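J.: structure of the sequence below:
(2 chains)
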Amino acid sequence: MVTANNLVKTYGKKHEIPAVDDVSFSVNEGEIFGLIGPDGAGKTSIFRMLTTLLLPDSGSAAVAGFDVVKGYREIRNIVGYMPGKFSLYPDLSVEENLNFFATVFGTTIRENYDLIKEIYVQLEPFKKRRAGKLSGGMKQKLALCCALIHKPTVLFLDEPTTGVDPVSRKEFWEMLKRLKAQNITILVSTAYMDEATLCDRIALIHSGKILTVDTPANISAAYPDKLLEVKANKMSALLNALSRFQKGSGSYAFGEYAHVSVNRNEENIEDELKNYLQQAGLENIEIKPIKASVEDYFIKLLK
Amino acid sequence: MQEVVIKTNKLTKRFRDFTAVNEITFEVYKGEIFGFLGANGAGKTTAMRILIGLSKPTSGSATVAGFDVYKQTENIKKNIGYMSQKFSLYEDLTVLENISFYGGIYGLSDAQIKTKSDELITSLGLQNEAKKLVASLPLGWKQKLSFSVALLHEPKIVFLDEPTGGVDPLTRRQFWDLIYDAADKGVTIFVTTHYLDEAEYCNRISIMVDGKIEALDSPENLKKQFNTHSMDEVFYELARAAKRGE
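T.: Numbering: from 1, shown residues only, chains lettered A, B, ... in the order given. Next comes the predicted model:
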């Protein structure tokens, strides 16, 4: 449904700032595909090229079979795009914004109401309010409605959950699942690693380059080392000790635990580590081998 | 007995008929990392604005670093550091210029600014970037610099409003190393975050729901209290009960 082939984008007078560096991936029809990476990784530039708002320096891309350069008119009719920055008309009311976007795409709110109903009912009490006066969460819901009102084939959501609290984030992802069920292909970008597992497939992206593309489960399974989760009475002392553990190849805090990587072939490493930590003066030590998460994998790639 | 650096008693802020902060009472200790959590619209920002001396409460009382939030807001500002994701550094100034600007604002002498700049540049490893515009730095560096600048005048308490949004997981952890270092030196850290794994890095956390503090304890005790192994569950359990929207 979406393909990118060796996409390159640079900024600056002399093209000295690389933003997207030889990026290739493809998205299947009806899947939720996540671009996972920090701010500045190139996610927005990729989205803007795919939605025909930005020309690539080189490489090619297509959406629903249309080339992003030659077929931009067709693409604009069939994609929905929710930018990271609030881009609706702040002086128009909720209802006026939605009506405006429907009209631009030659449709009406009534025609596609089913698609947005569930989200829009939460906005309806405020439909006369100016969009600029809405709270952050409400703005986000309105932006999603406006991106959906012409029933797009492909939906691009650029960091829809940034700055959103964990409960609202969860609700937002539940909404995406229901849209997917209506056979809308969804590309979503996020800097939250825990959202990776909610996608069908993900691309990990950093400094303009794609590090890997796969299902979250495969990425976890591809973690090269044995990963241990460790707990002790004092976190800062624990992290300190782990960083000096000879057989460790990377350790860091992970919620209430510390994670430490060790060679896969190490036997009895748990006992050895426990002894080491006891000698370092730590108490109440718990050590357990665990499955790596996408976040562990990302950290591994960055080190 | 631990030294109390923030103390509130039934602190309340109303905007016309809307009670944004509803009688919150809590204490924060010296050198503690205190996580201030809540859903969007729960009242965190309003409460924080009172504590940093930018907004006056409607009723109740609070002291920050020993100063009263009604009458001594200028003293509060001199004794705290503040960093938020939205406002931190001047992008069109260089790293060094930002440091001397903030040093000047906080009344440091030229000699102090010089010493502090050198220390800071060395400890952050920014020797090559010192004369570059802040705009050219990666977000992670901006955040670290911004945090260090908030500590320039050696405040007793530093307020961090979602300091780590948008950075990669490795940089996020390096940022927390800076937080730990500051706390070890006795600086009190008051931090808001939407990352629940970061809540685990705090000594104690409070969770606000609809303007009230509904839970306050160490992450471990909160999990025990809610009979779960994950902070996510604790948060969902509380925040789901919220009646008011944003």
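J.: from A:Thr161, how far off is the residue lying closest to A:Thr153 once chain neighbours are set aside?
T.: Leaving aside its chain neighbours, A:Thr153 sits nearest to A:Ile78 (4.5 Å; criterion: Cβ to Cβ, 6 or more residues apart in numbering or on different chains). Bear in mind the C-beta positions are built from the backbone N, C-alpha and C, glycine included. Per Cβ to Cβ, to the nearest Å, A:Ile78 is found 24 Å from A:Thr161.
J.: the more surrounded of those two?
T.: Using other Cβ atoms under 10 Å in any protein chain shown as the criterion, A:Ile78 and A:Thr161 rank with A:Thr161 on top: 23 against 15.
J.: how about the residues of chain B near chain A?
T.: B:38-42, B:85, B:138-140, B:162, B:165-171, B:173, B:176, B:180, B:184, B:194-197, B:200-201, B:219-220, B:231-232, B:235-236, B:239-240, B:242, B:245-246 (Cβ under 8 Å from any Cβ of the partner chain).
J.: got the residues of the stretch 101-250 of chain A near chain B?
T.: Residues of the stretch 101-250 of chain A lying close to chain B by Cβ under 8 Å from any Cβ are A:135-138, A:162-170, A:191-193, A:206, A:235-236.
J.: show me which of the residues of chain B next to chain A are buried.
T.: B:38-42, B:85, B:138-140, B:162, B:165-171, B:173, B:176, B:180, B:194-197, B:200-201, B:219, B:231-232, B:235-236, B:239, B:242, B:246 (16 or more other Cβ atoms under 10 Å in any protein chain shown).
J.: now the longest helix anywhere in chain A - C-alpha only, CSV.
T.: Counting by DSSP state H, the longest helix found in chain A is helix A:166-181. Written as CSV, here are the backbone C-alpha positions of helix A:166-181 (Å, rounded to 0.1, in the frame of the first residue of the first chain):
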residue,chain,number,x,y,z
PRO,A,166,-0.9,7.2,29.6
VAL,A,167,-4.7,6.7,29.9
SER,A,168,-5.6,8.8,26.9
ARG,A,169,-2.8,7.2,24.9
LYS,A,170,-4.3,3.8,25.6
GLU,A,171,-7.7,5.1,24.4
PHE,A,172,-6.2,6.5,21.3
TRP,A,173,-4.6,3.2,20.3
GLU,A,174,-7.9,1.4,20.9
MET,A,175,-9.4,3.9,18.5
LEU,A,176,-6.7,3.1,15.9
LYS,A,177,-7.4,-0.6,16.2
ARG,A,178,-11.0,0.0,15.4
LEU,A,179,-10.1,2.1,12.3
LYS,A,180,-7.8,-0.7,11.2
ALA,A,181,-10.8,-3.1,11.4
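J.: which strands or helices does it pack on?
T.: strand A:32-36, helix A:113-123, helix A:136-148, strand A:185-190, helix B:231-239 (3 or more Cβ pairs under 8 Å, 6 or more residues apart in numbering or on different chains; DSSP states H and E).
J.: so what secondary structure elements neighbour the third one?
T.: This means helix A:136-148. Right, helix A:136-148 is packed against strand A:79-82, helix A:94-104, helix A:113-123, strand A:154-158, helix A:166-181 by 3+ Cβ pairs under 8 Å, 6+ apart.
J.: if you set the cut-off to 7 Å instead, what comes out?
T.: strand A:79-82, helix A:94-104, helix A:113-123 (3 or more Cβ pairs under 7 Å, 6 or more residues apart in numbering or on different chains; DSSP states H and E).
J.: neighbours around residue 103, how many?
T.: In the absence of a named chain, chain A is used. Residues near A:Thr103, counting by other Cβ under 10 Å, number 13.
J.: nope, chain B
T.: 22.
J.: just to be sure, it is in a helix?
T.: Yes - read with DSSP: H, G, I helix; E, B strand; the rest coil, B:Gly103 is one of the residues of a helix.
J.: that one touches B:Ala150, doesn't it?
T.: No - counting by Cβ atoms under 7 Å, B:Gly103 does not reach B:Ala150; the two are 11.9 Å apart.
J.: buried subset of the residues of the stretch 101-250 of chain A next to chain B as a ChimeraX selection?
T.: Applying 16+ other Cβ under 10 Å to those, the buried members can be selected in ChimeraX as follows:
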select /A:136,137,138,162,163,164,165,166,167,168,169,170,191,192,193,206,235
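J.: dihedrals phi and psi, A:Ala191?
T.: phi -100, psi 0 (degrees, to the nearest 10).
J.: chain neighbours aside, what residue packs nearest to A:Thr161?
T.: A:Arg169 (4.6 Å).
J.: so where's chain B shaky on pLDDT?
T.: Along chain B, segments meeting pLDDT under 70 span B:1, B:86-87, B:245-246.
J.: the longest helix of chain A vs helix A:136-148, what angle?
T.: 10 degrees (axes from the mean of the first three to the mean of the last three Cα atoms, to 10 degrees).
J.: residues in contact with helix A:166-181?
T.: When contacts are defined by Cβ atoms under 7 Å, 6 or more residues apart in numbering or on different chains, helix A:166-181 is touched by residues A:30, A:32, A:119, A:137, A:155, A:160-161, A:164, A:186, A:188, A:195, A:198, B:39-40, B:194, B:196, B:232, B:235-236, B:239-240.
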